[in-house]
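Participant: Compute the structure for the input listed below.
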Amino acid sequence: MEKNCNSLTMRVKRLLNFIICLIILMNKVVVGQQIILNTCYKEYSRDYYSMLIEDYGVSIVSFKEATKYDKDSVLILSVEYNNGDFPDLSSFKNLLVLFIYGDFNSLPSKAFSNKNIKGLEINCYSKHNFLKISQEITSLNQLFELNIRSVNFDVFPEIIWMLNSIESIRLQNCIINNFYCTSHNMCKLRKLEFDQCKVKNAKFGNIKDLEALTITNSTIPNIDSLLILQPSLKYLGISGIKLENIMLDIISKISSLQCLKFINCNLKQFPDAIIILNNLQLLMLSENKISQFPQIISKMENLVEFWINDNRIKYKVDLREIQKDYPQLRIIF
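Facilitator: Predicted structure coming up:
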């Protein structure tokens with residue numbers, strides 16, 4: 001009797017272990033897809049400091065409040081600067097991200113005294129003068145992310161392209177008369193973003209092999225010539241810009257794309273040219289003028305998530321019925 005009980009117990013344990021293993025394997029498949037999606041989307045759509053704040057709970061400390069803290073514990077520091085004396089930051093040994101904001105038209109070499117920072121954001125309230133940046137910025141040999149907000153440039157500083165460690169540049173609400181990238185000592189840029197920018201003249205010659213490009217509500221000349229140079233692009237986000245057929249043709253040839261966003265681009269129908277993008281996992285066509293649900297997406301075998309919300313589609317059947325036709329795909333209506 002005891003042997004039978006032990007045998008039954010062993011069988012139950014094996015069955016439970018099998019079920020647990022099955023659940024884990026199933027979760028790995030689902031979670032695995034989600035990890036790929038999130039890695040692609042989060043890596044290229046978030047700033048470095050956003051990752052520190054959201055994922056690790058790091059707080060932003062202002063320079064005025066820094067006396068309340070152990071300086072070695074300050075990882076993100078904000079400094080208000082108005083063309084006066086720039087404070088000494090060399091005592092913040094573990095500083096990772098520096099915010100500089102205020103009304104100024106130049107940044108002295110002292111602003112770049114902490115050589116360990118990895119993220120730098122420059123936010124200038126005044127747009128009356130063109131900003132001048134000290135050559136000393138090239139001494140930041142660990143800097144890999146640069147965000148510039150509300151700044152005017154007559155000529156975008158050539159020295160920025162010489163920052164060997166820089167991987168990400170984000171320009172927001174900037175006016176740039178001349179955006180030239182012809183430096184032979186070009187940094188290995190992975191991520192470039194224009195958000196609400198106006199660029200009058202542009203030459204993108206040496207911006208090649210980006211992994212992520214985002215253009216939001218911006219006026220940028222020669223976008224086609226920039227896209228042609230990006231055969232390894234994984235993330236492309238375009239918002240608030242009317243898409244021309246020639247641009248769509250160029251994008252359709254970037255076979256490495258995993259995440260593609262066309263938001264508020266005045267699309268009246270599904271852009272058939274992109275159907276051949278076999279590596280695409282996330283497609284967002286929100287806020288356009290598409291009137292019919294694109295059945296053609298069934299040919300995009302690796303697509304995991306599709307956003308078609310805020311269009312002009314009049315559904316004759318229940319949305320849940322449409323979702324049933326695409327069980328492998330998460331559709332956002």
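
Participant: backbone phi and psi for the residue lying closest to residue 203 once chain neighbours are set aside, please?
Facilitator: Spatially, and ignoring its direct neighbours in sequence, residue 203 is nearest to residue 180 (4.8 Å; C-beta to C-beta, 6 or more residues apart in numbering). All C-beta atoms are positioned from the backbone trio N, CA, C, and that covers glycine. Here is the backbone geometry of residue 180 (degrees, to the nearest 10): phi -120, psi 140.

Participant: What residues does residue 180 make contact with?
Facilitator: 155, 156, 158, 201, 202, 203 (C-beta atoms under 8 Å, 6 or more residues apart in numbering).

Participant: Residue 153 bridge partners, please.
Facilitator: residue 176 (DSSP bridges).

Participant: Distance-wise, check it relative to residue 102.
Facilitator: Relative to residue 102, residue 153 is positioned 17 Å away (C-beta to C-beta, to the nearest Å).

Participant: picking that back up, which of the contacts of residue 180 fall within helices?
Facilitator: Of the contacts of residue 180, none are assigned to helices by DSSP state H.

Participant: Only whichever of the residues you listed are buried, select them in PyMOL.
Facilitator: Buried residues among the contacts of residue 180 (16 or more other C-beta atoms under 10 Å), as a PyMOL selection:
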select buried, resi 156+202
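
Participant: Lowest-confidence one in the contacts of residue 180?
Facilitator: Among these, residue 158 has the lowest pLDDT, at 85.

Participant: I figured that residue hits residue 183, correct?
Facilitator: Yes: between residue 158 and residue 183 there is a contact under C-beta atoms under 8 Å: 5.8 Å.

Participant: Surely residue 194 touches residue 221?
Facilitator: No: look at residue 194 against residue 221 with C-beta under 8 Å: they stay out of range, at 11.5 Å.

Participant: So between these two, which is more surrounded?
Facilitator: residue 194 (23 against 14; other C-beta atoms under 10 Å).

Participant: For the helix or strand harbouring that one, output the C-alpha coordinates as CSV.
Facilitator: Using DSSP states H and E, residue 194 maps to strand 191-195. What follows is strand 191-195, C-alpha atoms only, in CSV (Å, rounded to 0.1, in the frame of the first residue of the first chain):
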residue,chain,number,x,y,z
LYS,A,191,20.5,57.2,-32.8
LEU,A,192,19.4,60.5,-34.2
GLU,A,193,16.2,62.4,-33.4
PHE,A,194,14.6,65.6,-34.6
ASP,A,195,11.6,66.8,-32.6
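
Participant: helices and strands around it, which ones?
Facilitator: strand 168-172, strand 212-216 (3 or more C-beta pairs under 8 Å, 6 or more residues apart in numbering; DSSP states H and E).

Participant: Dihedrals phi and psi, residue 56?
Facilitator: Per degrees, to the nearest 10, the backbone of residue 56 is at phi -120, psi 0.

Participant: Strands - which of the contacts of residue 180 land there?
Facilitator: Counting by DSSP state E, the contacts of residue 180 place 155, 201, 202, 203 in strands.

Participant: sec struct for the residue lying closest to the third one once chain neighbours are set aside, please.
Facilitator: The shortest distance from residue 202 to any non-neighbouring residue, by C-beta to C-beta, 6+ apart, is to residue 179 (4.4 Å). Remark: residue 179 carries the secondary structure label strand [criterion: DSSP: H, G, I helix; E, B strand; the rest coil].

Participant: Same check on residue 51?
Facilitator: helix.

Participant: cool, the one 4 residues further on as well?
Facilitator: The three-state label given to residue 55 by three-state DSSP is helix.

Participant: Count the residues that sit near it.
Facilitator: Residue 55 has 10 neighbours, counted by other C-beta under 10 Å.

Participant: What separation do you get for the spatially closest residue to residue 220 that is not a sequence neighbour and residue 246?
Facilitator: Leaving aside its chain neighbours, residue 220 sits nearest to residue 199 (5.1 Å; criterion: C-beta to C-beta, 6+ apart). Separation of residue 199 from residue 246 (C-beta to C-beta): 19 Å.
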